[in-house]
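Engineer: Need a 3D model of the following:
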Amino acid sequence: MSASLQDRLSLIFGEAFAAAGFATDLGAVFESSRDDVAYQCNGAMAAAGALKKQGQKANPRDIAHGIVMALSKHELIDSLQIAGPGFINITPTIEAINTRAGEIADDPRTGASAPDRDTIVIDYGGANVAKPMHVGHLRSAVIGESLKRLLRFRGNTVIGDVHLGDWGLQMGHLITELEDEQPDLPYFDAAKTDDYPEDSPVTMDDLSRLYPAASNKAKTDAARLERSRAATAELQTGRAGYRALLEHFISVSIAALKQGYGALGVEFDLWKGEAAVDPLIAGMIEGFKAKGITEQDDGALIIRVETEADKKPVPPVFLVSRSGAVQYHTTDLATLLDRKNEIDPDLILYVVDQRQALHFEQVFRAAVMAGMYGPEQMQHLGFGTMNGNDGTPFKTRDGGVLRLDDLLTLMNDAAKKRLAEAGIGTEFDAAERDEIARKVGLAALKFADLQNQRLTNYIFDPERFTAFEGKTGPYLLYAAVRIKSILRKATALGVSAGEVKAAEPAETALVLALDGFDRALAGAASKYSPHILCDHIYRLAQSFSRFYADCPILQDGVAPDVQASRLALAQTTLRQLELGLDILGIAVPERM
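Structural biologist: Okay, here's the model as predicted:
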């Protein structure tokens, strides 16, 4: 795909600065914040600053003047103006704009390149076996899914891993509580080692009931807690009946999780958990010992990862506790080893709450010390919380954690209410109205999350999220659906798209907005920040809205070549909107 107009301008400005004796990167061209100026180059001020450091007198406006004189006759440039202390305002020629419009229109990816070729694992699930999904799983799922799609679209091989929580005390709680309820199940016969039933003795509802029941009992009954700990130890040391139960717990939970994540439009390639890497742990620990990076500390086996450069204490990695149990650090390191053995990725990204930053810093340092990965191959992509009006993580009115299916129902109801108030879809049958409401509710929820800088906390506000005005998911859906309606009318009238011949300011502004797609994708991918893509999509929708208001397409009296040009711009805008929204995990209805 050909370079964007902005990139081409940066290239020629860089060459002009280099010819004048300055660094090439001073020629970087940026989008202007002014409506009457397309682009701007600010390198003259930096060039003057560099000369002053060398003891030379320098006026940035004089430097800018030299650059303007060198480029004033360039075929891409219509006009150059020096503003303020030395800013160079740039207006491309209409020929350059229309050439670029044609390139974007002819490209199925509407100007998006695919320059990357890495193999990347994204760990963005973290749901626990036996526990229903709740609001706390939302952000990792939505952000991780969008990053997976984005990085794939950029040309990478990307593997999404749910990384289930299926190893630890919660399993002991489930086993012992189930034994209390159904003691005659064959899994509790210590003498039996095989031929267990294929059908699970529990459903997801059973698991959701058994775990809290056992956990609550253990809080006040030390003997009950010790039973669960003993069962956990037996599970981890390989007791056959308990391992068979664990497989049932996992399979039942995965079926429920696939349904829950599926409702969010989230899919994983790997459904592994902590239990899957247990066979690697003993050998891994022996390897660590052989490398001399472990030590005994008060009966526990640890790896010290703190360095002299640390400004705050960094606790050691605990591999094995005094009781002989492996820790979360250990299973995470074993997971890294498993991924190295099975995938050998160039990069592993963890989309996990920012409050886990210290944990990942410890694990990454240990992995580097062990020679598993380089420090640049593992990154924790933390995120903030979705909060209630009180500024704390969102909960139900009674203070409990809202289940994910209840959250989706809440958003669906809010979308239905908003659609009814706007009179949208009243002529459709009930099934289509329901499907539109589902997509609007999901778009509202996802875009409200993704438009924020990843580490930012935000307030859950379904009324604001579902508005059809402003920077919202429903606004973007409505923009795309409106273009679909225009294209259907054009087909009915026999009007076809043709060569883009932008002339009006709103037309050229739309072309320049379209031209920013690849740059937005590159920025979002390099910073792992979907909000950069959200900003672009919103700007594009706004640009189309102004274009649609100022530049009639199908009205009587519009010249055929102008109709064809404007229809081509509408088609291209729709393709780019849908591509961008799909990367964010947002589906567009056919009509509203």
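Engineer: what about the helix or strand His359 falls within, distance to the chain center?
Structural biologist: Using DSSP states H and E, His359 maps to helix 357-369. How far helix 357-369 lies from its chain's middle: 22 Å, per Cα atoms, centre = their mean, to the nearest Å.
Engineer: elements contacting the very next helix or strand once past it?
Structural biologist: Later in the chain than helix 357-369, the nearest helix or strand by DSSP H and E is strand 378-380. Strand 378-380 sits against strand 347-350, helix 357-369, with contacts defined as 3 or more Cβ pairs under 8 Å, 6 or more residues apart in numbering; DSSP states H and E. Every C-beta, even on glycine, is put in place using the N, C-alpha and C of the backbone.
Engineer: Run through who's touching the helix holding His359.
Structural biologist: Contact partners of helix 357-369, identified using Cβ atoms under 8 Å, 6 or more residues apart in numbering, comprise 291, 293, 303, 305, 314-317, 328-329, 332-333, 336, 350, 352, 373-375, 378, 380, 382.
Engineer: Among those, name the ones in strands.
Structural biologist: Among those, DSSP state E puts Ile303, Val317, Tyr350, Met378, His380 in strands.
Engineer: Remind me which helix or strand the most centrally placed residue in the chain belongs to.
Structural biologist: The geometric centre of the chain, computed from its C-alpha atoms, lies nearest to Ile143 (Cα atoms, centre = their mean), at 3.0 Å. In this structure, Ile143 sits in helix 138-153 according to DSSP H and E.
Engineer: how close does Thr491 sit to Gln40?
Structural biologist: Here the criterion is Cβ to Cβ, to the nearest Å. By it, Thr491 lies 41 Å from Gln40.
Engineer: which one of the two has more residues nearby?
Structural biologist: Per other Cβ atoms under 10 Å, whichever of Thr491 and Gln40 has more neighbours is Gln40, with 18 against 11.
Engineer: Could you double-check that that one sits in contact with Ile88?
Structural biologist: Yes - if you go by Cβ atoms under 8 Å, Gln40 and Ile88 touch, sitting 6.6 Å apart.
Engineer: Helices along the stretch 1-150 of the chain, start to end?
Structural biologist: For the stretch 1-150 of the chain, applying DSSP state H, counting those that start in this stretch gives helices covering 5-19, 43-53, 60-71, 94-106, 138-153.
Engineer: tell me the most buried of those?
Structural biologist: Mean neighbour count (mean count of other Cβ atoms under 10 Å) peaks for helix 138-153 among the helices of the stretch 1-150 of the chain, with a mean of 24.
Engineer: Which residues does the next helix or strand after it contact?
Structural biologist: Once helix 138-153 ends, the next helix or strand along the chain (criterion: DSSP H and E) is strand 157-161. Strand 157-161 is contacted from outside by 117-125, 144-145, 148, 151-152, 267-270, 272, 339, 343, 345, using Cβ under 8 Å, 6+ apart.
Engineer: quick one: strand 157-161 to helix 138-153, angle?
Structural biologist: If you take axes from the mean of the first three to the mean of the last three Cα atoms, to 10 degrees, strand 157-161 sits at 160 degrees to helix 138-153.
Engineer: Send over strand 157-161 as PDB, restricted to the C-alpha atoms.
Structural biologist: Coordinates of each C-alpha in strand 157-161 appear next as PDB, following Å, rounded to 0.1, in the frame of the first residue of the first chain:
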ATOM      1  CA  THR A 157       0.400 -14.200  14.200                       C
ATOM      2  CA  VAL A 158      -1.500 -13.700  17.400                       C
ATOM      3  CA  ILE A 159      -2.700 -16.400  19.900                       C
ATOM      4  CA  GLY A 160      -5.200 -15.500  22.600                       C
ATOM      5  CA  ASP A 161      -4.900 -17.400  25.800                       C
END
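Engineer: Go through the following helix or strand past that strand and flag the buried ones.
Structural biologist: Using DSSP H and E, the next helix or strand after strand 157-161 towards the C-terminus is helix 169-181. For helix 169-181, the neighbour count (16 or more other Cβ atoms under 10 Å) marks Leu169, Gln170, Met171, Gly172, His173, Leu174, Ile175, Thr176, Glu177, Leu178, Glu179 as buried.
Engineer: Give me the domain ranges for the chain.
Structural biologist: 5-92, 169-259, 274-342+358-383 (automatic domain parsing).
Engineer: nearest to Arg519, of those?
Structural biologist: domain 5-92 (6.7 Å; Cβ to Cβ).
Engineer: now the end-to-end length of the closest one.
Structural biologist: Domain 5-92 has its terminal residues 9 Å apart, counting by Cα to Cα, to the nearest Å.
Engineer: Repeat that for stretch 549-564.
Structural biologist: 17 Å.
Engineer: what residue ranges in this protein are flagged as low confidence?
Structural biologist: The model of the chain has pLDDT under 70 over residues 1, 397-398.
Engineer: any idea where the strands of it begin and end?
Structural biologist: Taking DSSP E as the criterion, the chain contains strands spanning 29-31, 39-41, 77-83, 87-92, 119-123, 157-161, 295-297, 300-303, 317-320, 347-350, 378-380, 386-387, 458-459.
Engineer: Compare the ones you listed and report which one is nearest to Leu577.
Structural biologist: Across these, Leu577 has its closest neighbour in strand 29-31 (18.9 Å, Cβ to Cβ).
Engineer: what about the closest one, distance to the chain center?
Structural biologist: Its chain's average C-alpha position is 26 Å from that of strand 29-31, according to Cα atoms, centre = their mean.
Engineer: Remind me what it packs against, helices and strands.
Structural biologist: Judged by 3+ Cβ pairs under 8 Å, 6+ apart, strand 29-31 is in contact with helix 5-19, strand 39-41.
Engineer: What residue in the protein is the furthest from its centre?
Structural biologist: Ranked by distance from the centre of the chain (Cα atoms, centre = their mean), the top residue is Ala191, with 48.8 Å.
Engineer: Quick one: residues contacting Ser529.
Structural biologist: Counting by Cβ under 8 Å, 6+ apart, Ser529 touches Gln453, Arg454, Gly523.
Engineer: If we use 7 Å, what do you get?
Structural biologist: Each residue near Ser529 by Cβ atoms under 7 Å, 6 or more residues apart in numbering is listed here: Gln453, Arg454.
Engineer: Tyr187 versus that one, what's the distance?
Structural biologist: From Ser529 over to Tyr187 (counting by Cβ to Cβ), the distance is 47 Å.
Engineer: Spatially, what comes nearest to Leu280 if we skip its sequence neighbours?
Structural biologist: Ala334 (4.7 Å; Cβ to Cβ, 6 or more residues apart in numbering).
Engineer: these two touch, right, that neighbour and Gly283?
Structural biologist: No - counting by Cβ atoms under 7 Å, Ala334 does not reach Gly283; the two are 9.5 Å apart.
Engineer: More neighbours: the two, which one.
Structural biologist: Between Ala334 and Gly283, counting by other Cβ under 10 Å, Ala334 is the more crowded of the two (22 against 11).
Engineer: For Arg418, give me its contacts.
Structural biologist: Residues in contact with Arg418, defined by Cβ under 7 Å, 6+ apart, are Thr466.
Engineer: now it: how far from Val495?
Structural biologist: 33 Å.
Engineer: Out of the helices and strands packed on strand 378-380, the one nearest Arg322 is which?
Structural biologist: Comparison of the helices and strands packed on strand 378-380 against Arg322 by Cβ to Cβ identifies helix 357-369 as nearest, at 18.7 Å.
Engineer: Reformat the helices and strands packed on strand 29-31 as a markdown table; add distance to Ile537.
Structural biologist: Below are the helices and strands packed on strand 29-31 laid out as a markdown table (distance: least, Cβ to Cβ, whole Å):
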| stretch | distance to Ile537 |
| --- | --- |
| helix 5-19 | 18 |
| strand 39-41 | 21 |
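Engineer: so Leu185 sits right up against Val202, yeah?
Structural biologist: No - with contact defined as Cβ under 7 Å, Leu185 does not reach Val202; the gap is 9.9 Å.
Engineer: what about the two, which has more around it?
Structural biologist: Taking other Cβ under 10 Å, Leu185 and Val202 do not tie; Val202 has more neighbours (20 against 16).
Engineer: Now that one: phi and psi?
Structural biologist: Dihedral angles phi and psi of Val202 (degrees, to the nearest 10) take the values phi -130, psi 150.
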